[in-house]
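# Got a predicted model here, sequence first, then my questions.
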Amino acid sequence: MDPRFTDLLRPFLKHAGAEEIAITPETDLRRLGVDSMQAIELLFQLEDGFGIQLPDEDMNDATFATAGSLWRVVAAQLPDADSNSNSNSDSDSDSNSNSDSGRVSV
């Protein structure tokens, strides 16, 4: 997991206690205090922090269950991940390849 990811995640772990815990892929986000409202705020922080937009279909309880499940969704949207998964969906690439969707790439 990227250190930027854990830095963005840490303030949302309100039940982590006074000690700085190690955030691992198995870290249970719900148990540490990430509720549905915080998940929305965290989503915005991650999108802004990484310059990405997370797909609507990945906005579910399973994604926000652990640090690892959330990181997998974030990492899949990073530019390095795009070069490995350009052929995910022909319809998605056709609709985005030659059009200006109004999104700013970072």
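Yep, that arrived.

# Over stretch 37-44, what's the mean pLDDT, rounded is fine.
Mean pLDDT, stretch 37-44: 94.

# Show residues contacting it.
Stretch 37-44 is contacted by residues 8-9, 12, 14, 34, 54, 59, 64 when judged by CB atoms under 8 Å, 6 or more residues apart in numbering. (C-beta placed from N, C-alpha, C; glycine too.)

# 7 Å instead, please
Contacts to stretch 37-44, defined as CB atoms under 7 Å, 6 or more residues apart in numbering, come from residues 9, 12, 34, 54, 64.

# likewise stretch 70-84?
For stretch 70-84, the surrounding residues in contact (CB under 7 Å, 6+ apart) are 1, 5, 25, 29, 46, 50, 52, 54, 58, 63-64.

# so of these, which ones are in strands?
Using DSSP state E to define strands, no part of the contacts of stretch 70-84 is located there.

# Please list only the buried members of these.
Among those, the ones that count as buried by 16 or more other CB atoms under 10 Å are 1, 5, 29, 46, 50, 52, 54, 58, 63-64.

# Mind picking the two most distant members of those?
Using CB to CB, the buried ones among the contacts of stretch 70-84 span at most 18.7 Å, a distance reached by Leu29 and Ile52.

# and stretch 2-21, how far out from the chain's middle?
Centroid displacement of stretch 2-21 relative to its chain, using CA atoms, centre = their mean, to the nearest Å, is 14 Å.

# In it, which residues are buried?
5-6, 8-9, 12-13, 16.

# picking up where we left off before, could the buried ones among the contacts of stretch 70-84 go into CSV alongside distance to Leu70?
Converted to CSV, the buried ones among the contacts of stretch 70-84 look like this (distance: CB to CB, whole Å):
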residue, distance to Leu70
Met1, 9
Phe5, 8
Leu29, 7
Leu46, 8
Phe50, 12
Ile52, 13
Leu54, 9
Asp58, 9
Thr63, 6
Phe64, 6
